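Colleague: Need coordinates for the below:
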Amino acid sequence: MKEPVHHVNRSFRLLKALTFTSLLGSFIVSGLMGYLLVRQDKEAKVYVISESGTFPALEQDPRKVSPHEARQHIKTFMQLMFAHDAGTFQPHMEAALHLIDDHNGRRIYQDFLRGEVPENYVRYRSYTTLTVDSIQVDLSNRPFRGQVFARQWVHVDEQQELLPIGARFSLEKVYRTAANPFGLMIRDFDFILYEPQNTEQP
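Modeller: A predicted model of the protein is given here:
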């Protein structure tokens with residue numbers, strides 16, 4: 001009588017061991033599958049559709065913005081937005097508007113139109129140039145914040161008039177595109193006082 005009971009107990013222990021092993025294997029496989037799915041999801045590519053075309057981008061952008069990238073983004077924007085002539089005014093505006101949020105960009109653009117800037121370029125055969133004197137950007141907190149100071153020169157015939165430009169702004173990371181290669185967007189662009197010591201044209 002003891003021998004059948006012994007066999008039953010041994011079979012029961014064996015069954016428990018097999019069940020435990022099966023459950024453990026199931027947990028391991030489930031965990032591994034979950035990890036792979038999360039990793040695949042993080043690396044999944046999404047596509048950004050813009051006027052310049054469709055561009056692949058990481059759904060979760062792990063990149064860090066360097067001070068050089070931030071300064072170059074601001075410098076490019078300033079040169080496009082505030083230095084032009086009759087022939088380059090419109091293409092410069094269109095390029096600059098890709099680097100700043102729509103509200104702030106359109107506000108500056110509409111100010112130019114109200115001031116008849118493109119008409120004055122034709123009327124007086126004038127043009128503007130720009131020298132960026134300083135760009136300060138704090139990348140330690142988000143949104144990134146900074147200030148830019150520049151000297152704009154209005155050229156009419158042989159005369160030049162200095163128009164200092166100072167502004168504070170914030171920067172936000174966005175997807176890189178051909179029209180926005182640094183993957184940054186200017187927001188909260190507000191003009192501030194700038195009185196440069198150097199008033200000479202470079």
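
Colleague: Which secondary structure elements does the one helix or strand residue 123 maps to sit against?
Modeller: Assigned by DSSP states H and E, residue 123 belongs to helix 117-124. Packing partners of helix 117-124 (3 or more C-beta pairs under 8 Å, 6 or more residues apart in numbering; DSSP states H and E): helix 89-96. C-beta coordinates here come from the backbone N, C-alpha and C atoms, glycine included.

Colleague: Extract the C-alpha trace of the helix it packs on and format it as PDB.
Modeller: Provided in PDB are the C-alpha atoms of helix 89-96 (Å, rounded to 0.1, in the frame of the first residue of the first chain):
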ATOM      1  CA  PHE A  89      12.700  89.800 -48.800                       C
ATOM      2  CA  GLN A  90      10.000  87.200 -49.600                       C
ATOM      3  CA  PRO A  91      12.300  84.100 -49.700                       C
ATOM      4  CA  HIS A  92      14.000  85.200 -46.500                       C
ATOM      5  CA  MET A  93      10.700  85.600 -44.800                       C
ATOM      6  CA  GLU A  94       9.500  82.200 -45.900                       C
ATOM      7  CA  ALA A  95      12.700  80.500 -44.700                       C
ATOM      8  CA  ALA A  96      12.700  82.400 -41.400                       C
END
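
Colleague: what are the ranges of the strands in this structure?
Modeller: 45-50, 53-58, 127-138, 144-156, 159-173, 184-192 (DSSP state E).

Colleague: by how many degrees do the last one and strand 144-156 diverge?
Modeller: By that I understand strand 184-192. Calculated by axes from the mean of the first three to the mean of the last three C-alpha atoms, to 10 degrees, strand 184-192 forms an angle of 60 degrees with strand 144-156.

Colleague: which of the residues in strand 184-192 are buried?
Modeller: 184-187, 189 (16 or more other C-beta atoms under 10 Å).

Colleague: Tell me the one of these nearest residue 122?
Modeller: Taking C-beta to C-beta as the measure, residue 122 lies nearest residue 189 of these, at 27.5 Å.

Colleague: now the closest one, nearest residue through space, not along the chain?
Modeller: Take residue 189 and drop its neighbours on the chain: the residue closest to it by C-beta to C-beta, 6 or more residues apart in numbering is residue 104, 4.3 Å away.

Colleague: quick one on the thing from earlier: switch the strands of the chain over to JSON lines; also include mean pLDDT and distance to residue 72.
Modeller: JSON lines is the format used below for these (pLDDT from 0 to 100; distance: least, C-beta to C-beta, whole Å):
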{"stretch": "strand 45-50", "mean pLDDT": "50", "distance to residue 72": "20"}
{"stretch": "strand 53-58", "mean pLDDT": "47", "distance to residue 72": "19"}
{"stretch": "strand 127-138", "mean pLDDT": "98", "distance to residue 72": "9"}
{"stretch": "strand 144-156", "mean pLDDT": "98", "distance to residue 72": "12"}
{"stretch": "strand 159-173", "mean pLDDT": "97", "distance to residue 72": "12"}
{"stretch": "strand 184-192", "mean pLDDT": "98", "distance to residue 72": "9"}
